[in-house]
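J.: Curious how this folds, go ahead:
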Amino acid sequence: MKKSISASLFSVVLFFSSSASASQILDRVAAVVVDEPILQSQVVLLMNNIQKTPALGEAYRVNPSQLKFEVVLEKIIEEKIVQVSVRELDIRVNDSDIETQINAIAKQNNITRKTLEESLAREGLSLDEYRKNIRGQLERRSLFDRELRKGGGVTETDLKALYDKSAPVELKLISISLKNNSAGKKTSEVILKSHKDKSKDFSALSSEYAGDAMGWTPVDSLDPKFGNLNNIGEGSLIGPVLINNSLQFLLVEANRKGSPEGFEKAKDELMMRAQGQDFERRFQSWLDRKRSELNIVVNKV
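T.: Purely as a prediction, here's the structure:
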């Protein structure tokens, strides 16, 4: 499996019970959301849980080795805001819905229900905690369907802009290979001079020295010995480079960042990323609005 079971569970929104033992401890109130206090011990407990369960760190988007009290408190406040909204809308989840979701997660990961439970135990989550988390996830999914599906959306232009940011550099290349001997070295000098004084163009060099048209080639697929070619210009000559006892030249006919074919192949993954980013923007906007509407008090540490 590419992701841990709990990472799969928390991929949308999470709720990890941080108050199970905190209620038994007398300590200070770190914050109040509406009329619900958040105890300092709840924050510390969640910090400990994140350190023990790496999947929680992924879900909360915090580095377990660099936890800060204020950051984790803010995460709990966000959860409280969501919980208040769930109650206001009277969103309910049946036990049968929870079991259906757990079975679906097992199926998606190509494992049995028993294996899923064993995986949870290894990650430090009991089945009761897992059911509680599933209930919270389903409640929030229903909340977001009501509150956050309005507006927004991802366009083809958005996808293309996202693709262009990470698209690989591709070069349209002609390669020339010479034997690594005195004749080959002498020919290398002639090729370098011909390219420098422009006495021979691409087609002439390719024809005369048995060049091989490589077509569009991703830069990261070329031998590292050619060096960093991400910013190489059209018309450049690269080489000679000794590879497998041969003197290799590359002629750059053209360059581009990404390709129409690459964009089409990456569309599904790009859509998931773009929708996630769009959701995060709208979720943050919704959270900011709810914070201004609700009575929230944060005490200084």
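
J.: Please tell me I have it right and T187 contacts Y209.
T.: Yes - taking contacts as Cβ atoms under 8 Å, T187 lies within contact range of Y209: 7.0 Å. No exception for glycine: its C-beta is placed from N, CA and C like everyone else's.

J.: what is in contact with those two at once?
T.: L178 (Cβ atoms under 8 Å, 6 or more residues apart in numbering).

J.: Now do the SS call for D128.
T.: Recorded secondary structure, D128: helix (DSSP: H, G, I helix; E, B strand; the rest coil).

J.: Tell me how many other residues surround K107.
T.: Number of residues near K107 (other Cβ atoms under 10 Å) recorded here: 12.

J.: Next: R122.
T.: Neighbour tally, R122, other Cβ under 10 Å: 9.

J.: how about it, what does it touch?
T.: No residues are in contact with R122 under the rule Cβ under 8 Å, 6+ apart.

J.: Just the element for the closest residue to Y163 other than its chain neighbours, please.
T.: Leaving out its chain neighbours, the residue that sits closest to Y163 by Cβ to Cβ, 6 or more residues apart in numbering is F263, at 5.1 Å. Taking DSSP states H and E as the definition, F263 sits inside helix 260-293.

J.: List the buried residues in the helix or strand following that helix.
T.: Downstream of helix 260-293, the next assigned helix or strand under DSSP H and E is strand 296-298. For strand 296-298, the neighbour count (16 or more other Cβ atoms under 10 Å) marks I296 as buried.

J.: average model confidence for strand 296-298?
T.: Averaging pLDDT along strand 296-298 gives 91.

J.: Give the partner strands of that strand in its sheet and their orientations.
T.: Taking DSSP bridges as the criterion, strand 296-298 forms sheet pairs with strand 29-33 (antiparallel).

J.: what distance separates the partner strand from the middle of the whole chain?
T.: Mean-position distance between strand 29-33 and its chain equals 32 Å (Cα atoms, centre = their mean, to the nearest Å).

J.: partner strands of the next helix or strand after it, parallel or antiparallel?
T.: Using DSSP H and E, the helix or strand that follows strand 29-33 in sequence is strand 36-39. Strand pairing for strand 36-39, using DSSP bridges, gives strand 29-33 (antiparallel).

J.: just checking, next helix/strand downstream of whatever helix or strand L143 lives in?
T.: For L143, the element it lies in under DSSP H and E is helix 127-147. Downstream of helix 127-147, the next assigned helix or strand under DSSP H and E is helix 156-166.

J.: Show me what counts as buried in that next one.
T.: For helix 156-166, the neighbour count (16+ other Cβ under 10 Å) marks 158-159, 162-163 as buried.

J.: same question, stretch 277-292
T.: For stretch 277-292, burial by neighbour count (16+ other Cβ under 10 Å) applies to 278-279, 282-283, 286, 290.

J.: can you check stretch 139-152 too?
T.: By neighbour count on 16+ other Cβ under 10 Å, the buried set for stretch 139-152 is 139-140, 142-144, 147.

J.: Stretch 73-89 now?
T.: For stretch 73-89, burial by neighbour count (16+ other Cβ under 10 Å) applies to 73-86.

J.: tell me which of those residues is nearest to P168?
T.: Closest approach to P168 among these (Cβ to Cβ): K75, at 35.6 Å.

J.: what about M214, which helix or strand?
T.: Using DSSP H and E, M214 falls within strand 212-218.
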